[in-house]
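Novice: fold the following and give me the result.
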Amino acid sequence: MDDDPTLTFDSHRRRLQGIAYRMLGSVAEAEEVVQDAWLRWHEADKASFDSAEAWLVTVVTRLSIDRLRTAKVQREHYIGAWMPEPTLTESPDTPEESLERADNISVAFLAVLERLAPEARAAFLMREVFDADYDEVALTLGKSEAACRQLVHRAKAQVQDARPRYQVSRETHQRLLRAFADAAARGSMQDLKALMAEDVELIGDGGGKVQSFSKVLRGNQRLAQLYYSLWRRMGPVVRMELVEINGEPGLLRFVDGELESAQTFEIEDERIARIRVQRNPDKLARIAQIVASK
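Specialist: Predicted structure coming up:
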């Protein structure tokens, strides 16, 4: 173990942040959990640890479980659909990295994880995303290995049933989003409609802070009309920018130069099958700060 406790903690910070974010779907809450873990680490008897990393992972996971239990109660009273806080990510170096990252941090994946109970979510993430052995999962959760195997097995079944069925190449994803942004900028209903599956869905999160849709909108005609109506009302003051959101291509929409939404897209059969529109200003604040600083 490193003699400098700060250096030791910082060497594991990225993994700890990754665990907490995937558990909570919130960058701010994940940072608070990691900060709480740092305080506990600072006060702990480090000489008694066999592994600093194992101790830190256990603390962060348990703190995340406790916070998620509280959050789930709060989210029952959330106005409209609750969606994870999006985060900007760097472009992956290889196609393999692109698929791997989108598979375990995409907004669609985090939305699927919301269906899991806190302990099941933790067990699934530790085993399937962070490749922990079952004895480590058991130690972290304070359960038997057999119980953890059951948790992971059931969680995998739930995730596989709910997650997107198809993966497309990064190039196809980018091409479709560029075409979509172009069609929206031109107000072409025909092109917008052609880019979307007939039964496409749009899910919006305004958090009660800004106007959004309380129910899922469905159908390419309806959604094409929605984007067309914005073009009719706002015209040239609306701009879309292709960026990397949670490990895959997404769009930021600006109105009068201000960030209005972060949009992520699920693709099936080279058509847009689902659009998630994050409009809650609290969840856009970090992205807005990053964009403003460029």
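Novice: centre-most residue in this structure?
Specialist: The centre of the chain sits closest to residue 107, judged by C-alpha atoms, centre = their mean, with a distance of 3.4 Å.
Novice: would you mind measuring from that one to residue 169?
Specialist: The gap separating residue 107 from residue 169 is 19 Å, by C-beta to C-beta, to the nearest Å. For every residue, glycine as well, the C-beta is placed using N, CA and C.
Novice: who's the closest residue to the residue nearest to the centre of the chain other than its chain neighbours bridged to?
Specialist: Once flanking residues are discounted, residue 107 sits nearest to residue 264: 4.4 Å by C-beta to C-beta, 6 or more residues apart in numbering. Beta-bridge pairing of residue 264 under DSSP bridges involves residue 250, residue 276.
Novice: contacts only, for residue 264.
Specialist: Residue 264 is in contact with 86, 106-108, 245-246, 248, 250, 275-276, 278, counting by C-beta atoms under 8 Å, 6 or more residues apart in numbering.
Novice: may I see the buried residues of stretch 32-39?
Specialist: Neighbour-count burial for stretch 32-39 flags 33-34, 37-38 (criterion: 16 or more other C-beta atoms under 10 Å).
Novice: so which pair among the residues you listed is furthest apart in space?
Specialist: Within the buried residues of stretch 32-39, 33 and 38 form the most distant pair, 9.8 Å apart (C-beta to C-beta).
Novice: let's verify residue 201: helix, strand, or coil?
Specialist: Residue 201 carries the three-state label strand when classified by DSSP: H, G, I helix; E, B strand; the rest coil.
Novice: and the nearest residue to it once chain neighbours are set aside, how far is that from residue 237?
Specialist: Ranked by C-beta to C-beta, 6+ apart and with sequence neighbours excluded, the top spatial neighbour of residue 201 is residue 274, at 4.8 Å. Going from residue 274 to residue 237 by C-beta to C-beta gives 27 Å.
Novice: quick one: which of these two has more around it?
Specialist: Neighbour totals were compared for residue 274 and residue 237, and residue 274 leads with 21 against 11 (other C-beta atoms under 10 Å).
Novice: I'd say that one and residue 200 touch.
Specialist: Yes. Taking C-beta atoms under 8 Å as the definition, residue 274 is a contact partner of residue 200 at 6.7 Å.
Novice: how's this protein carved up into domains?
Specialist: Domain assignment for the chain by automatic domain parsing gives 5-80+112-162, 170-293.
Novice: closest to residue 90 out of these?
Specialist: In terms of C-beta to C-beta, the element of the domains of the chain nearest to residue 90 is domain 170-293, at 6.5 Å.
Novice: chain center to the closest one: distance?
Specialist: Put simply, domain 170-293 sits 16 Å off its chain's centre (C-alpha atoms, centre = their mean, to the nearest Å).
Novice: please apply the same query to stretch 131-149.
Specialist: Centroid separation between stretch 131-149 and its chain, computed with C-alpha atoms, centre = their mean, is 25 Å.
Novice: so what touches that stretch?
Specialist: Here stretch 131-149 makes contact (C-beta under 8 Å, 6+ apart) with 54, 57-58, 61-62, 119, 122-123, 126-127, 151-152.
Novice: among the residues you listed, the buried ones, what's the ChimeraX command?
Specialist: For the buried members of the contacts of stretch 131-149, the matching ChimeraX selection, counting by 16+ other C-beta under 10 Å, is:
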select :57,58,61,62,119,122,123,126,127,151,152
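Novice: show me where pLDDT drops low in the protein?
Specialist: For the chain, the stretches with pLDDT under 70 are 1-3, 91-103, 163-166.
Novice: which residue ranges of it form strands?
Specialist: 196-205, 217-218, 238-245, 248-255, 258-268, 271-278 (DSSP state E).
Novice: go ahead and confirm residue 40 touches residue 59.
Specialist: Yes. At 5.7 Å, residue 40 counts as touching residue 59 under the criterion of C-beta under 8 Å.
Novice: buried residues in the top helix by length along the chain?
Specialist: If you go by DSSP state H, the chain has its longest helix at helix 52-75. Buried residues in helix 52-75, defined by neighbour count with 16+ other C-beta under 10 Å: 52, 55-65, 67-68, 71.
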